[in-house]
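S.K.: Sequence plus predicted model, see below.
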Amino acid sequence: MEILHEPKDMQQWVRAQRRTGATIGLVPTMGYFHDGHLSLMRLAQQHADIVVVSLFVNPTQFGPSEDLDRYPRDLERDMLMLRREQVTAVFVPTPELMYPPGFQTEVRVQHLTTHLCGRTRPNHFAGVATVVTKLFNIVQPDVAVFGEKDYQQITVIRRLVADLNLPVRIVGGPIVREDDGLAMSSRNANLEPLHRASALSLSSGLSLARELYRKGERDAASIAATVQRHILSFPFTAIDYVSLIDSRSLEPVQQADAHTRLALAVHIDGKVRLIDNGLLSPSPQDGNI
Ligand code: AMP
């Protein structure tokens, strides 16, 4: 497995691979891998000859009071997992290599980023869009794979790619969950055992919303209110948002239909912020709950 740190070395390596006619798949990550990340690497292998994983905890997508310092990291373990997945190359830059002195450019997707996570994390998606644009320019992938766990993120990236005519195809991977329903997340490692039961309020809230929809409830405010009450019935929970949105526009809906998605963000004990989402009427390929 090739390990590259410098953007220009990565560009050079990828250019040589391209000359052999190989297609390139990129999986951008912040590391501390779990099965969700691995599922995206396997998906990338189905769509491209060579898979490049980027591993970079991007400081510009964290707000000043967020968990950049506490974000879990274990490079040695991650490298072992990448080798096991037969990833061809890993790009591991430092913040200084990505944002050298004098750096001053930002990519901002306007409207989609004002909803959901963008409300409480006003600069988060500008950080994401900028780093992803840089990664696309450095790795020049044919295909890039993102998880639907971060549903707003993949929607913003699809918009970015369309708006800027970036020559890359975006593929989404379904949410991978623990056996008990908790969506896998690197941040789950920061959950204390006492708080883990409260973290399940998100996935069980999603199941509850689906149950209401299945029974015929279509009033979005009523479904959201029931899910909110459910989440708040667990100790240590504080709601950032419980929103019923249109899957394409991310706009809130009043009447739920086949395109309606529940999107959730919940703080657990004020320390760990978790997100989850899903269609109210999922088809079997939409995930495992
Ligand atoms: P992260 O390292 O958390 O920035 O995530 C890297 C990629 O993995 C993003 O595209 C995420 O959406 C995706 N991802 C994170 N958790 C999951 C999960 N449980 N299932 C599927 N994809 C995930």
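M.R.: Nice, thanks for sending it over. Numbers count the residues shown, from 1 in each chain.
S.K.: what residues does the stretch 1-150 of the chain put near the ligand?
M.R.: Proximity of the stretch 1-150 of the chain to the ligand, by CB under 6 Å from any ligand atom, involves residues Thr29, Met30, Gly36, His37, Ser39, Leu40, Phe146, Gly147, Lys149, Asp150. Backbone N, C-alpha and C define where each C-beta goes, glycine included.
S.K.: same thing with the stretch 151-289 of the chain?
M.R.: Gly173, Ile175, Val176, Ala183, Met184, Ser185, Ser186.
S.K.: what two of the residues of the stretch 1-150 of the chain next to the ligand are the furthest from one another?
M.R.: Greatest spacing in these, by CB to CB: Met30 and Ser39 (15.9 Å).
S.K.: List just the nearest of the residues of the stretch 1-150 of the chain next to the ligand to Val14.
M.R.: Nearest to Val14 among these, with distances taken as CB to CB, is Thr29, at 17.4 Å.
S.K.: now that closest one, which residues is it bridged with?
M.R.: Leu55 (DSSP bridges).
S.K.: So Val171: helix, strand or coil?
M.R.: For Val171, the secondary structure call by DSSP: H, G, I helix; E, B strand; the rest coil comes out as strand.
S.K.: Distance of it relative to Arg84?
M.R.: Val171 is 22 Å from Arg84, where distance means CB to CB, to the nearest Å.
S.K.: Equivalent analysis for Ala220, please.
M.R.: From Ala220 to Arg84 the distance is 43 Å (CB to CB).
S.K.: Between these two, point out the one with more neighbours.
M.R.: Using other CB atoms under 10 Å as the criterion, Ala220 and Arg84 rank with Ala220 on top: 21 against 10.
S.K.: So, low pLDDT: which residues of the chain?
M.R.: For the chain, the stretches with pLDDT under 70 are 285-289.
S.K.: same thing but 90
M.R.: 86, 282-289 (pLDDT under 90).
S.K.: where along it do the helices fall?
M.R.: Assigned by DSSP state H, the chain shows helices spanning 7-19, 35-47, 75-84, 95-98, 117-120, 124-139, 151-163, 193-214, 220-232.
S.K.: Turn these into JSON lines, columns for distance to Val266.
M.R.: Formatted as JSON lines, those follow (distance: least, CB to CB, whole Å):
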{"stretch": "helix 7-19", "distance to Val266": "36"}
{"stretch": "helix 35-47", "distance to Val266": "18"}
{"stretch": "helix 75-84", "distance to Val266": "27"}
{"stretch": "helix 95-98", "distance to Val266": "29"}
{"stretch": "helix 117-120", "distance to Val266": "12"}
{"stretch": "helix 124-139", "distance to Val266": "17"}
{"stretch": "helix 151-163", "distance to Val266": "15"}
{"stretch": "helix 193-214", "distance to Val266": "6"}
{"stretch": "helix 220-232", "distance to Val266": "6"}
